[in-house]
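Novice: sequence plus the predicted model coming up.
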Amino acid sequence: MHGVDPNEGIRTVHRLRALAVELNLLGAEFAHMHGLHTTDLRALICILDAERAGLDATPGLLGSQLGINSASVTALLDRMEKAGLIRRTQDPEDRRRSLLAVTPRAVEIGQTFFGPLITRTGAVLDNFNAAERDAISRFLDDVNRAVAVERQAGSQRTDDSESRSRRRRAGEPA
């Protein structure tokens with residue numbers, strides 16, 4: 001592996017953070033324009049990503065992706081279904097399970113809003129050759145995995161901290 005200047009790594013993280021902030025602001029603008037919560041937008045993205053990956057989008061998957069409990073998932077899905085953004089169907093292979101899908105209306109409003117960004121991003125990628133685009137894809141995939149690992153580790157740290165806190169409240173040593 002090549003030695004990377006630590007300052008270059010920090011600058012890259014700062015660039016990624018700035019991009020994440022801009023994307024979050026854009027997502028919040030979209031949500032506000034359509035009377036949605038930002039969680040609704042994240043849920044739509046999760047459902048679409050599952051579909052693209054060939055996975056069943058289920059309430060359980062959504063809850064784990066969004067980090068929310070089943071009661072919150074139910075309230076979220078009720079709200080989104082009422083707004084005409086998703087539909088729930090019974091899984092033909094497991095009648096206890098619901099399958100989730102984004103409605104054509106949700107896809108249309110998403111494409112109307114995010115289509116120009118997708119077009120601009122494609123134009124930016126046109127400035128790179130195939131090998132560079134491959135490197136960019138690998139980099140983004142690897143960073144995404146690193147963030148997911150860190151998020152999982154953070155979740156574990158939080159669980160451990162809450163467990164220690166409960167023990168202290170119960171009078172046990174930490």
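Specialist: Thanks, I have the structure now.

Novice: who touches Gly110 in this structure?
Specialist: By CB atoms under 8 Å, 6 or more residues apart in numbering, the residues touching Gly110 are 30, 44. Where you see a C-beta, it was placed from the backbone N, CA and C, and this is true even at glycine.

Novice: that one should be in a helix, yeah?
Specialist: Yes - remark: Gly110 belongs to a helix, assigned using DSSP: H, G, I helix; E, B strand; the rest coil.

Novice: pLDDT score for it?
Specialist: pLDDT, Gly110: 91.

Novice: report the residue spans of this structure with pLDDT below the cut-off.
Specialist: Scanning the chain for pLDDT under 70 picks out 1-2, 157-174.

Novice: quick one, helices of it?
Specialist: Per DSSP state H, the chain carries helices over the ranges 6-33, 38-52, 59-66, 70-82, 104-125, 130-169.

Novice: who wins for proximity to Glu93 among the ones you listed?
Specialist: Minimum separation from Glu93 across the helices of the chain (CB to CB) falls at helix 59-66, 14.6 Å.

Novice: what angle do the closest one and helix 70-82 make?
Specialist: Helix 59-66 runs at 100 degrees relative to helix 70-82, counting by axes from the mean of the first three to the mean of the last three CA atoms, to 10 degrees.

Novice: which one's the longest strand in the protein?
Specialist: Scanning the chain for the longest strand, with DSSP state E as the assignment, gives strand 94-102.

Novice: the helices of the chain: which one's closest to Ser98?
Specialist: Here helix 59-66 is closest among the helices of the chain (CB to CB), at 5.8 Å.

Novice: how about residues contacting the closest one?
Specialist: 39, 42-43, 46-47, 50, 55, 69-70, 72-74, 76-77, 97-98, 100.

Novice: now do the buried residues in that helix.
Specialist: Buried residues in helix 59-66, counted by 16 or more other CB atoms under 10 Å: 59, 61-63, 65-66.

Novice: ok, stretch 113-130 next?
Specialist: Neighbour counts over stretch 113-130 (16+ other CB under 10 Å) mark no residue as buried.

Novice: kindly report the same for stretch 8-27.
Specialist: Buried residues in stretch 8-27 (16+ other CB under 10 Å): Gly27.

Novice: can you show me the CA trace of that stretch as PDB?
Specialist: Output of stretch 8-27 as PDB, limited to C-alpha atoms (Å, rounded to 0.1, in the frame of the first residue of the first chain):
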ATOM      1  CA  GLU A   8      -4.100  14.400   2.600                       C
ATOM      2  CA  GLY A   9      -6.300  11.900   4.500                       C
ATOM      3  CA  ILE A  10      -7.600  14.700   6.700                       C
ATOM      4  CA  ARG A  11      -8.300  17.000   3.700                       C
ATOM      5  CA  THR A  12     -10.100  14.200   2.000                       C
ATOM      6  CA  VAL A  13     -12.300  13.500   5.100                       C
ATOM      7  CA  HIS A  14     -13.100  17.300   5.200                       C
ATOM      8  CA  ARG A  15     -14.100  17.200   1.600                       C
ATOM      9  CA  LEU A  16     -16.300  14.200   2.100                       C
ATOM     10  CA  ARG A  17     -17.800  15.900   5.200                       C
ATOM     11  CA  ALA A  18     -18.500  19.000   3.200                       C
ATOM     12  CA  LEU A  19     -20.200  16.900   0.500                       C
ATOM     13  CA  ALA A  20     -22.300  15.100   3.100                       C
ATOM     14  CA  VAL A  21     -23.400  18.400   4.500                       C
ATOM     15  CA  GLU A  22     -24.400  19.700   1.100                       C
ATOM     16  CA  LEU A  23     -26.300  16.500   0.300                       C
ATOM     17  CA  ASN A  24     -28.000  16.600   3.600                       C
ATOM     18  CA  LEU A  25     -29.100  20.200   3.000                       C
ATOM     19  CA  LEU A  26     -30.400  19.300  -0.400                       C
ATOM     20  CA  GLY A  27     -32.300  16.400   1.000                       C
END
